[in-house]
Each structure stands twice: as C-alpha cells, then as structure tokens.
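Engineer: What follows is a predicted structure for the sequence shown.
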Amino acid sequence: METGINNILTKLTESEGVVGVLIADEHGLCLGARGIAKASSAGFIASIAAHAKDLAEMKRNGSDGKDDTPTISVDYGQQ
C-alpha cells in the first residue's frame, strides 16, 4: 500500500502548478505528504473534505442529480 501512495504522491506533485499534496484518510490520519503540504494539517483537511462532501450531497438533492465531486484547494499563503 505504501508504494501505491508514494506513486500517487509523486504523480500528483509532478503535475503543473501543484506545489504540495496531502493524502489523509476519513479520520484525518496523514497517509502521505509532499511539497509544502504539512502532515500536521491532515485532520483539518479531512474535516474540510467531509464538509465539502456534505455540501455536495445537499446540492445534489436539490438539483438535477449530477454527480459532482467537490475539489478542495488550500492556499497556505506566504510563510
């Protein structure tokens, strides 16, 4: 499993415009981080993802039923 996650992290990090990637499970456990993404942010990111999923489900229930997956982009800003 670790090799698969490392391959995904590498592939995503090499994408144009990507400066950091974080993979977390639904409980906020960091499974991997690269670039400027901080492993200590995994819990916060998982929480944001859960809320985005809830919003997407609310939208689906009130719209035409399209299966839109929310995309989350976090800007760490200058540090």
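Structural biologist: Nice, thanks for sending it over. Residues are numbered from 1 along each chain as shown.

Engineer: which other helices and strands contact the lengthiest helix in the chain?
Structural biologist: In the chain, ranked by residue count with DSSP state H as the criterion, the top helix is helix 42-62. Packing partners of helix 42-62 (3 or more CB pairs under 8 Å, 6 or more residues apart in numbering; DSSP states H and E): strand 20-24. Where you see a C-beta, it was placed from the backbone N, CA and C, and this is true even at glycine.

Engineer: which of the residues in the strand it packs on are buried?
Structural biologist: 21-24 (16 or more other CB atoms under 10 Å).

Engineer: Measure how far the least confident helix or strand in the chain by mean pLDDT is from the centre of its chain, please.
Structural biologist: Ranked by mean pLDDT, DSSP states H and E, the weakest helix or strand in the chain is helix 42-62, scoring a mean of 81. Offset of helix 42-62 from its chain centre (CA atoms, centre = their mean, to the nearest Å): 11 Å.

Engineer: so that helix versus strand 20-24, what angle?
Structural biologist: 80 degrees (axes from the mean of the first three to the mean of the last three CA atoms, to 10 degrees).

Engineer: Extract the C-alpha set from helix 42-62 and format it as PDB.
Structural biologist: The C-alpha trace of helix 42-62 is given here as PDB (Å, rounded to 0.1, in the frame of the first residue of the first chain):
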ATOM      1  CA  ALA A  42      -4.300  16.300   7.800                       C
ATOM      2  CA  GLY A  43      -7.000  16.500  10.400                       C
ATOM      3  CA  PHE A  44      -8.100  19.900   9.300                       C
ATOM      4  CA  ILE A  45      -8.100  19.000   5.600                       C
ATOM      5  CA  ALA A  46     -10.100  15.800   6.300                       C
ATOM      6  CA  SER A  47     -12.700  17.900   8.200                       C
ATOM      7  CA  ILE A  48     -12.900  20.400   5.300                       C
ATOM      8  CA  ALA A  49     -13.300  17.500   2.800                       C
ATOM      9  CA  ALA A  50     -16.100  16.000   5.000                       C
ATOM     10  CA  HIS A  51     -18.000  19.300   5.000                       C
ATOM     11  CA  ALA A  52     -17.500  19.700   1.200                       C
ATOM     12  CA  LYS A  53     -18.900  16.300   0.700                       C
ATOM     13  CA  ASP A  54     -22.000  17.200   2.800                       C
ATOM     14  CA  LEU A  55     -22.400  20.400   0.800                       C
ATOM     15  CA  ALA A  56     -22.200  18.500  -2.500                       C
ATOM     16  CA  GLU A  57     -24.800  16.000  -1.300                       C
ATOM     17  CA  MET A  58     -27.100  18.800  -0.300                       C
ATOM     18  CA  LYS A  59     -26.600  20.400  -3.800                       C
ATOM     19  CA  ARG A  60     -27.300  17.000  -5.500                       C
ATOM     20  CA  ASN A  61     -30.500  16.500  -3.500                       C
ATOM     21  CA  GLY A  62     -31.700  20.000  -4.600                       C
END
